[in-house]
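Novice: My questions concern the predicted model and sequence given below.
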Amino acid sequence: MFFSITPENKEINRFRKKQFNNFIQITMPYLAAFIDENKYEITLVDEYNQKIPFKKQFDLAAITVNTSNALHCYNISERLRTQNTRVVMGGPHATLLPEEVKKNCDHILIGEGEQIWPEFLEDFYKGNARTEYICKVVPDLKNLPVPRRDLIKNRPFSKGAVISSRGCPYSCSYCNLKQIYCEPFRTRPVQEVIAEIKAIRSKYFVFWDDNFFGDVKYTKELLEELKKLNKRWAAQVTLDRCRDHTLLKLAKAAGCIYLFVGIESFSQDSLGSVNKGINVVERYKSIIHKIHENGICVQAGIIFGFDTDKKDIFQKTLEACNDLGIDGVTVSILTPLPKTPIYTRLKEENRLVTDDWSCFNGKTEVAFVPRNMSREELFEGYMWFRKEFYSFKSIFARLKKSKTNILHNIIINLGYKLSIRGTKT
C-alpha cells in the first residue's frame, strides 16, 4: 500500500482555514497519476482537511516538503518510520537543502520529478530503490499524465488546478523558482492543456503556473482554444505583461475573471532592491485601469519588509490600493527562503533571527530583523493593513474605482473580511 501526503502544520492550517478560497495543491494528485495501480493501492492525504492515518500500515509514504512545513514533515516521517513505513521526500525544500532532508527520510528526490519519480517507483517495487534520485535532464512537459482528481477528498469546489507552463523568465531575489526548477521556462502542448481543462467538471478552475503570461505567443494560442470552452478561471501573471491589450482582451474572451499580479511594493526603490525592476510604479495606474477595462479583477501580491520600507509603508500602500481600485490582495511578510539571494545577504548581515523553518511562512512570523522598524512593528503593520484593506470603508472605495465584476467582487471581499475578523495582532 502506498500513500502520499500534502503536509500542513497546525499554524498554517489555522491561517488557511480562515481564507475564503483555497485551491488544492496539485503536486500529489499529479504524481499519483504516474503510479501503476496494479502495483500499488494509492491513498492521498491533504492535511488541509484530512488527518494522516497513522494506525494503518503502509509500505511507502511520499511527502512533498516546502520550507515552512519542513520540521512538521520530519516529525511525520519519524513517526511513520517507527512503524516500518518507508518514506520518500521531494519538493522545494528537498531540492534546496537535500543534505538536511535526507537525514529525515529513507529516499530523497531532488529536482523536478517527471523522470526520477517513475524511476524511483519502479526501483522500489523491485526492492532495489536507491537513497537518492537527482533530476539531471530537463523534463519535457509533453504527454504529462492528468492529475488524479478522483483521489481528492472533501474539496468539491477547489479541485480545478491546471498547469500550462513551468518556471518564470524573471529572477526576483526573494523568489526560489530559479533554484527549484530547471531552465529554461517551458510550456505544455496547447491541446493537452485544453483536454485536461475539458475534463474538469467544475466551470471554475485556476492556472497554477508561476507566470501564466511567461510566453505571450504561447498564451495567446492557448487562450484562442480556451475561449471555446465557456469556463471561468484565474491565473498569476506579471503586471508588465498586462500592458498588452490584445492579450487581456483574449483572456477576458476566454473566461478570465481574476488575475493575480505581483505588485509587491509601491516603492520603486524597494522593487529595485530585490531585482523586480520589471515593475514600474508610475505605470501601475494605467495598467490596472487597462485590466479593469477588460472586465478582469486584480488580486495584488503585496510584500512588506523590504529594506527601504519604513513605518509609514502600510498606510501609503493602503491609500495606493484604494486609489487604484485594486480588487483584492494577498499580503505577505518578506520571507528569506533558503538558497535565494536575499537569504544569503541577510545571513551574511547576521539578520536572520531563527533557523526554525516553520517561521519562514510569510504569514504568521517575521524571520529576520528589518532595517527600518522592529520585527514587532513589521508584523503589527502587516496585520493592520490586512484588516484595513478589507474594512467596509476600503471595500467601498476600491469597488467604486474598479467597477469590475461587482457582485463577485463584493462576495470575495466580504469573504476575506469575515476570515480576518477576530484575528489576533
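Specialist: Yes, it's here.
Novice: so where's the stretch 251-400 of the chain shaky on pLDDT?
Specialist: By pLDDT under 70, the stretch 251-400 of the chain has no low-scoring segment.
Novice: do you know how far residue 403 is from residue 193?
Specialist: For residue 403, the distance to residue 193 equals 32 Å [C-beta to C-beta, to the nearest Å]. C-betas here are computed from N, CA, C, even on glycine.
Novice: my bad, residue 2
Specialist: Counting by C-beta to C-beta, the gap from residue 2 to residue 193 is 28 Å.
Novice: can you check residue 180 too?
Specialist: Distance from residue 180 to residue 193, counting by C-beta to C-beta: 21 Å.
Novice: Residue 355 too?
Specialist: 40 Å.
Novice: These two: who's more crowded?
Specialist: residue 193 (22 against 9; other C-beta atoms under 10 Å).
Novice: what sits against the more buried one?
Specialist: Residue 193 sits next to 162, 164, 222 when contact means C-beta atoms under 8 Å, 6 or more residues apart in numbering.
Novice: Could you list the buried residues of the strand or helix carrying it?
Specialist: Taking DSSP states H and E as the definition, residue 193 sits inside helix 190-199. Neighbour-count burial for helix 190-199, counted by 16 or more other C-beta atoms under 10 Å, picks out 190, 193-194, 196-197.
Novice: Can you pull the domain assignment for this structure?
Specialist: If you go by automatic domain parsing, the domain ranges for the chain are 2-134, 160-420.
Novice: rewinding a little: let me have the contacts of residue 193 in a markdown table, extended by neighbour count, pLDDT and distance to residue 390.
Specialist: Listed next are those as a markdown table, based on neighbours: other C-beta atoms under 10 Å; pLDDT from 0 to 100; distance: C-beta to C-beta, whole Å:
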| residue | neighbour count | pLDDT | distance to residue 390 |
| --- | --- | --- | --- |
| 162 | 21 | 94 | 28 |
| 164 | 25 | 97 | 31 |
| 222 | 25 | 98 | 33 |
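Novice: what's the closest of those residues to residue 206?
Specialist: Distances from residue 206 to these, taken as C-beta to C-beta, are shortest for residue 162 (7.3 Å).
Novice: you'd agree the closest one is up against residue 200?
Specialist: Yes - checked against C-beta atoms under 8 Å, the pair residue 162 and residue 200 is within contact range at 7.4 Å.
Novice: Return the distance of residue 357 relative to residue 191.
Specialist: Residue 357 is 40 Å from residue 191, by C-beta to C-beta.
Novice: go on, residue 338?
Specialist: In this view, residue 338 and residue 191 are 38 Å apart by C-beta to C-beta.
Novice: Could you do residue 50 as well?
Specialist: According to C-beta to C-beta, residue 50 and residue 191 sit 34 Å apart.
Novice: do residue 86 as well
Specialist: The separation that residue 86 has from residue 191, given C-beta to C-beta, amounts to 38 Å.
Novice: Run through the strands of the stretch 201-350 of the chain in chain order.
Specialist: Secondary structure of the stretch 201-350 of the chain by DSSP state E, counting those that start in this stretch: the strands cover 204-207, 232-237, 256-264, 297-304, 328-333.
Novice: Taking strand 232-237 as reference, get the angle to the fourth one.
Specialist: What it means is strand 297-304. Relative orientation of strand 297-304 versus strand 232-237 (axes from the mean of the first three to the mean of the last three C-alpha atoms, to 10 degrees): 30 degrees.
Novice: partners of strand 297-304 in the sheet?
Specialist: strand 256-264 (parallel), strand 328-333 (parallel) (DSSP bridges).
Novice: closest one to residue 371 among the ones you listed?
Specialist: Judging the strands paired with strand 297-304 by C-beta to C-beta, what sits closest to residue 371 is strand 328-333, at 14.0 Å.
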